[in-house]
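Student: can you look at this prediction? I've put the sequence above it.
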Amino acid sequence: MSSTAASSSAQSSGASSSGSSTVSIPASAQVGSLSITQPATTSTSYFKIASNNLLTFGWNFTSVLVTPTSLTVSAACENSNTYPVGDNNGLVAGDATQVVWDVYSYQTAHSDNPLPQGTCSLMICDERGYDATEAAGYLAVNSDLTFALYTPQAYTGIAEGWECSVCNSSLAGIAANPTVVTMVATFLVVFLSGYQLLRSAVRAI
């Protein structure tokens, strides 16, 4: 085998193709990864399902030598359903670093399978799918971000029948508390006794 052929064979064994380009992956290469930059992953973010309330998820890449053909972004929620994120059925460009999701529009268009009021995990993978084996230079599946969705309650005025059930139950609880009743009675006795003594002292002057 000629040196040219050997060199070509070695490059081919350590190379991977993305589209029409060929990328050489060194033996020391790490598995590619993705880090969420928006929102923060240190705590659960709560997002309101409401008109004009757009959700933005952002990320960056590390050690990704083979640029993905595309990315799939999904929300795997606690109701065991998975929802596509974004306006293109969950698909974004392979080099994209964010996706914007209009959850209200999605909710309106999918009343048969509505978004849950609960927690979800953001799932991102390349064109190889969520079950792809990790490989040096290729993007690994990311599910680091947990977020929650909720639907605000419609406003109901007092005239329309709004009641504070918590307030009523709290007052009833206070009124039924023997300790509170005793304290109020003691206060009244002390107050009235003091008032009577003050009147007697004023008359004696």
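Tutor: In hand now; what should we look at?

Student: what sits against the residue nearest in space to the middle of the chain?
Tutor: Compute the mean C-alpha point of the chain, and by C-alpha atoms, centre = their mean the closest residue is residue 147, 1.3 Å away. Applying C-beta atoms under 8 Å, 6 or more residues apart in numbering, we find residue 147 in contact with 39, 44-47, 119-120, 122. To be clear about C-beta, it is placed using only N, CA and C from the backbone, and glycine gets the same treatment.

Student: just the ones of these in helices?
Tutor: Counting by DSSP state H, none of the members of the contacts of residue 147 fall within helices.

Student: of the residues you listed, just say which sits nearest to residue 101.
Tutor: Residue 101 has its nearest neighbour among the contacts of residue 147 in residue 47, at 9.0 Å by C-beta to C-beta.

Student: OK, contacts around the closest one?
Tutor: Residue 47 sits next to 53, 55, 103, 147-150 when contact means C-beta under 8 Å, 6+ apart.

Student: from one end of stretch 106-126 to the other, what's the distance?
Tutor: From its first residue to its last, stretch 106-126 covers 23 Å (C-alpha to C-alpha, to the nearest Å).

Student: return the set of buried residues in it.
Tutor: Under the neighbour-count criterion of 16 or more other C-beta atoms under 10 Å, stretch 106-126 has 106-107, 114-116, 119-126 buried.

Student: may I ask which two of those residues are separated the most?
Tutor: Spatial extent of the buried residues of stretch 106-126 (C-beta to C-beta) is set by the pair 114 and 126 at 28.9 Å.

Student: closest one to residue 80 out of the contacts of residue 147, please.
Tutor: Nearest to residue 80 among those, counting by C-beta to C-beta, is residue 120 at 11.1 Å.

Student: please name the bridge partners of that closest one.
Tutor: For residue 120, the beta-bridge partners under DSSP bridges are residue 77, residue 147.

Student: show me where this structure has its strands.
Tutor: 15-18, 21-24, 33-38, 45-48, 54-62, 70-77, 82-84, 91-93, 98-102, 119-126, 146-150 (DSSP state E).
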